[in-house]
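A.B. asks: let's see this in three dimensions:
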Amino acid sequence: MKSKNRISNFFANMGLVGVSLLFVELALRLASVFFVDVDLITRPPSWRAETSVPGLVDDDRLGKRGNPEYWEHDARGFRNPSALSSATVVALGDSHTYGTSVKSEESWPNIISAHLGTDVYNMGLGGYASTHSLENLSIAIELNPELIIFGLYFGNDFVNDFAFAQRNDLLLKYVDQNVLAEISKLDSQRTIQEELGFLFRSGRNNEEAVANRSPSEASEIAKSPRVIRE
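C.D. replies: Numbering: from 1, shown residues only. Sure, this is the predicted structure:
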């Protein structure tokens, strides 16, 4: 009798575990519909290829460019199934255009392509800004598009433009020598990219980020024109 009770309890417990797991699965699936973070965590890994090939390679002028050898990139290094010879629409921009953290078909250029039923060639890449897109504009024009769309992100595109100009010695054309000297002094302490990276990682607004630094460090940051206030 006791043996039968143990067996019954065992199967009852297993059934309870099964129902609990099913409930958790349904709850996660429902949450993934409304919350992007949950969707990214629970999404099966099949949409991301495990590869040791880097997505970016060094470029003397652009800083970085897409690696044509990367599994999702075409022969030009952009995120497309193939390097089209012509396209109705060309999309230029940064990581928002590229579609970082989402499937290729979930990037806005591909969503537009699906809605319009026409070719949209994605030339976006993480870290790019208007200067990078201008450099690549000749490639876009070669595709003879009817429309070129440039996606601008106010969060850091202007900082990336500044970095591009600084890397290619373009600041000398537009910025006063005294200002350049002050920029060099600030960069010796912390570059604008490093400072912006800190603000992004903090997960707070700029005033709170400054408050989390030491008094002396916060004072220097507060005086800096790099702190972008809401």
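A.B. asks: can you check the pLDDT for residue 185?
C.D. replies: Listed pLDDT for residue 185 reads 85.
A.B. asks: my guess is it is in a strand, correct?
C.D. replies: No. Remark: residue 185 does not belong to a strand; assigned using DSSP: H, G, I helix; E, B strand; the rest coil, it is helix.
A.B. asks: burial measure for it, as a count.
C.D. replies: Other residues within reach of residue 185 by the criterion other Cβ atoms under 10 Å amount to 9. Glycine gets a C-beta too; all of them are placed from N, C-alpha and C.
A.B. asks: same check, this time on the one 5 residues further on
C.D. replies: Neighbour count for residue 190, taken as other Cβ under 10 Å: 16.
A.B. asks: next: residue 132.
C.D. replies: 26.
A.B. asks: how about the helices in the protein?
C.D. replies: 2-34, 36-42, 95-98, 108-116, 130-135, 137-142, 157-167, 171-174, 177-189, 192-202, 206-211, 215-223 (DSSP state H).
A.B. asks: and the fourth one, what's buried?
C.D. replies: Under the neighbour-count criterion of 16 or more other Cβ atoms under 10 Å, helix 108-116 has 108, 109, 110, 112, 113 buried.
A.B. asks: what about the closest residue to residue 93 other than its chain neighbours, distance to residue 73?
C.D. replies: Closest residue to residue 93 apart from its sequence neighbours, by Cβ to Cβ, 6 or more residues apart in numbering: residue 151 at 3.1 Å. Applying Cβ to Cβ, to the nearest Å, one obtains 18 Å for the distance of residue 151 from residue 73.
A.B. asks: those two: which is more packed in?
C.D. replies: Comparing residue 151 with residue 73 by neighbour count (other Cβ under 10 Å), the higher total belongs to residue 73, at 21 against 18.
A.B. asks: report the contact partners of the more buried one.
C.D. replies: 55, 66, 67, 79, 80 (Cβ atoms under 8 Å, 6 or more residues apart in numbering).
A.B. asks: what's the neighbour count on the third one?
C.D. replies: If I follow you right, that is residue 67. Using other Cβ under 10 Å, residue 67 is surrounded by 16 other residues.
A.B. asks: would you agree it is in contact with residue 59?
C.D. replies: No. Assessed by Cβ atoms under 8 Å, residue 67 is found out of contact with residue 59, at 10.4 Å.
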